[in-house]
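Undergrad: Got a predicted structure plus its sequence, pasted below:
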Amino acid sequence: MSHMRHICRITEMSHSTLKTAITPRRDEDFPEWYQQVIRAAELAEPSDVRGCMVIRPWGYGIWENMQRQLDGMFRATGHRNAYFPLFIPLSYFAREAEHVEGFAKECAVVTHTRLEADADGKLKPGSPLSEPLVVRPTSETIIGASYAKWVQSYRDLPILINQWANVVRWEMRPRLFLRTTEFLWQEGHTVHETESEARGETRLILDLYERFVRDHLAIPVFTGAKSESEKFPGAVETLTLEAMVQDRKAIQAGTSHFLGQNFARASGIQFQNREGKQEFGWTTSWGMTTRLVGTLVMMHGDDDGLVLPPRIAPTQIVILPITAKEETRAAVLEACDKLAMGLRDSRYADFPVEVLVDRRDVGGGVKNWEWIKKGVPLRVEIGPRDLEKNAVEISRRDQAVKSKESMPMEEFVARAPEILRSVQDTLYARAKKFRDENTRVIDSKEDFYGFFTSKNPEKPELHGGFALAHWNGSREIEERIKNDLKVTIRVIPLDDSPEPGKCIFTGEPSQRRVVWAKSY
RNA sequence: CGGGGCGUAGCUUAGCUUGGUAGAGCGCGUGGUUUGGGACCACGAGGUCGGAGGUUCAAAUCCUCUCGCCCCGACCA
């Protein structure tokens, strides 16, 4: 009899151990899991406006942290913020042919001002504009118009400006954070005296971005150039950062473009050089977007929800008072506040530690799970028993949800920054390990096709990854691989160690391996 | 924009084939019992079944149109 009961309990336990906070699991249905995490973590929700989303405080808090950190890095490298119009006169936009071709299909266009009631009392657009206005999909042309006025002499250069803004791209298939009609970003736009200086800027920003995603978002990336067919419309060269998320697809985490003199010519950005001759400026542009929030979800999230790197988490430590017994409640709450104050006095990664005491009158278990789903790096429980020992129970989000460690309160206050650092490091190491395990050096066409073909076409399992393979440099091959496998060249490494070989598709000579993958 | 799927309460959904104007679980509210935990009991609020038209005595259910969402494709940060 007691034996039976014992077995039942074990069954029950293993059942609850298997239960995950997010349904479905990542391995069951990755796209659906992604959406459920965003909802469960209260990052964002679809709005009534097709393709647009509402970014909720927790999601926006992550974006604000990204802004704060990137903004500091921009300032430290001599950039300043400014703001340019949302609307771009159609004629300005039309100035750069390749640019137009690239963006025309996704432009929202304002053609009228004012609303007027018709006979039925329905509101209709009233006066047509003499010239339609394009809602910026990117701001090269409108910013270029200002730069043309500001630049007269080489002494006016360089111009190093960034803007934080929203942009609109009328995409066909929106997905929360990854591809929405309106999104938030920063766009840097610079003008330089020489080609090499502008190329240097493009590279400087690429390195800055790489540091940012590595150190703050715990995201390892491959960097390098885009192929002709993948580069920014109007750019001479596009540098990119490519990360691998947990379904092994590539996602672009940021771009930095060397625009040559294309846009300077289009906008009339001209200056008198040191020889007294008129010359077009050399421009760059570069950006990172709210897509990074989605990247973070897919990079670190698990079957219990979001997992946030401490450096980007809006709240780094949440304190959960165990106030089960009325008679100890006040003492527990007081201890929590005291602990919070102590923690806020310490610093982690240049800022005071972000601590929240969750005093809400919500069941303890529910409360705990909410914070798990939101991905808070550290959860700290304080109950009457801990009070007696002057200790706390801490749970790290990078470890199993049930795992807890007891620690003297003093020690925890002293060690909190170190523990946060450890969580941050673990997430990076884990992501890098995953990326490396799913990156293959491939030397034959057969292996290449095998790598990117699922075993079960009906319900494709997670497969593929990054393939490092030689390529003859032709657009035709890219096109064919894209058609056959939906695989594209994500990045052509810039580096230092060219490794000559033979194109695995044609046998022609190749200077270096390039990175192939399916992508977002 | 092409192919597929789906719209019933905040969420997940039953009912639809064989018409008779809605049921559940979770969540929510109140009261109580609990308390190192996604607890339990009782009571309760919440749905013009995506929208419009049609067939019918009668439509969530049948027909037509329409809107939206999701997945795959083309495109993109």
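TA: Yes, it's here.
Undergrad: what about A:Gln152, neighbour count?
TA: Neighbour count for A:Gln152, taken as other Cβ atoms under 10 Å: 12. For the C-beta atoms, the positions are set from N, CA and C on the backbone; glycine is no exception.
Undergrad: Pull the contacting residues for it.
TA: By Cβ atoms under 8 Å, 6 or more residues apart in numbering, the contact list for A:Gln152 reads A:Phe271, A:Gln272.
Undergrad: Look up how far A:Ala331 lies from the residue lying closest to A:Asp386 once chain neighbours are set aside.
TA: Excluding the flanking residues, the one nearest A:Asp386 by Cβ to Cβ, 6 or more residues apart in numbering is A:Val392, at 5.7 Å. Noted for A:Val392: a distance of 14 Å to A:Ala331, by Cβ to Cβ, to the nearest Å.
Undergrad: Between the two, tell me which one has more neighbours.
TA: Higher neighbour count among A:Val392 and A:Ala331: A:Val392, with 26 against 14, using other Cβ under 10 Å.
Undergrad: Summarise which helices and strands the helix or strand A:Thr328 falls within is packed against.
TA: Assigned by DSSP states H and E, A:Thr328 falls within helix A:326-344. In terms of contacts (3 or more Cβ pairs under 8 Å, 6 or more residues apart in numbering; DSSP states H and E), helix A:326-344 is packed against strand A:317-321, strand A:355-357, strand A:378-382, helix A:384-389, helix A:409-437.
Undergrad: Tell me the pLDDT of the residue of the stretch 201-350 of chain A found nearest RNA strand B.
TA: Going by Cβ to the nearest atom of the strand, RNA strand B is nearest to A:Ala324 of the stretch 201-350 of chain A, at 2.6 Å. pLDDT recorded at A:Ala324 is 82.
Undergrad: part of a helix, is it?
TA: No. Using DSSP: H, G, I helix; E, B strand; the rest coil, the assignment for A:Ala324 is coil, not a helix.
Undergrad: which ones are touching A:Glu193?
TA: For A:Glu193, the contacting residues are A:Tyr154, A:Leu157, A:Pro158, A:Phe271, A:Asn273, A:Gly281, A:Trp282, by Cβ under 8 Å, 6+ apart.
Undergrad: nearest to A:Cys336, of those residues?
TA: A:Cys336 has its nearest neighbour among those in A:Pro158, at 51.2 Å by Cβ to Cβ.
Undergrad: burial count for the closest one?
TA: The number of residues packed near A:Pro158 is 21, by other Cβ under 10 Å.
Undergrad: pretty sure it is in contact with A:Leu204, am I right?
TA: No. Between A:Pro158 and A:Leu204 there is no contact under Cβ atoms under 8 Å: 11.4 Å.
Undergrad: Quick check: neighbours shared by the two?
TA: Counting by Cβ under 8 Å, 6+ apart, A:Pro158 and A:Leu204 have no shared contacts at all.
Undergrad: thinking again about what came up before, partners of whichever helix or strand comes after the helix holding A:Thr328 in the sheet?
TA: Per DSSP H and E, the first helix or strand lying C-terminal to helix A:326-344 is strand A:347-348. Strand partners for strand A:347-348, identified by DSSP bridges, are recorded as strand A:351-352 (antiparallel).
Undergrad: Determine how far the strand it pairs with lies from the middle of the whole chain.
TA: In terms of Cα atoms, centre = their mean, to the nearest Å, the centre of strand A:351-352 is found 23 Å from the chain centre.
Undergrad: how many neighbours does the closest residue to A:Glu116 other than its chain neighbours have?
TA: If the residues on either side of it in the chain are set aside, A:Glu116 comes closest to A:Gly126, at 4.1 Å by Cβ to Cβ, 6+ apart. Close neighbours of A:Gly126, defined as other Cβ under 10 Å, add up to 11.
Undergrad: wait, what's in contact with A:Gly126?
TA: Shown in contact with A:Gly126 (Cβ under 8 Å, 6+ apart): A:His112, A:Thr113, A:Arg114, A:Leu115, A:Glu116.
Undergrad: Among these, find the one with the greatest number of neighbours, please.
TA: A:His112 (13 neighbours).
Undergrad: Do I have it right that that residue meets A:Leu129?
TA: Yes. Contact criterion Cβ under 8 Å: A:His112 and A:Leu129 qualify, at 6.4 Å.
Undergrad: Now A:Thr181: phi and psi?
TA: phi -60, psi -50 (degrees, to the nearest 10).
Undergrad: distance of it from A:Arg173?
TA: For A:Thr181, the distance to A:Arg173 - Cβ to Cβ - is 11 Å.
Undergrad: Quick check on these two: which one has the bigger neighbour count.
TA: A:Thr181 (18 against 7).
Undergrad: That one and RNA strand B: what is the separation?
TA: Here the criterion is Cβ to the nearest atom of the strand, to the nearest Å. By it, A:Thr181 lies 7 Å from RNA strand B.
Undergrad: contacting residues around that residue?
TA: So A:Thr181 contacts A:Val49, A:Arg50, A:Gly51, A:Cys52, A:Ala108, A:Val168, A:Arg169, A:Trp170, A:Glu171, A:Pro174 (Cβ under 8 Å, 6+ apart).
Undergrad: before we move on, what about A:Pro377?
TA: Contact analysis of A:Pro377 by Cβ under 8 Å, 6+ apart lists A:Leu308, A:Pro309, A:Pro310, A:Ala313, A:Gln316, A:Ile317, A:Arg396, A:Arg397, A:Asp398, A:Leu420, A:Val423, A:Gln424.
Undergrad: Now do it against A:Arg311, distance only.
TA: Going from A:Pro377 to A:Arg311 by Cβ to Cβ gives 9 Å.
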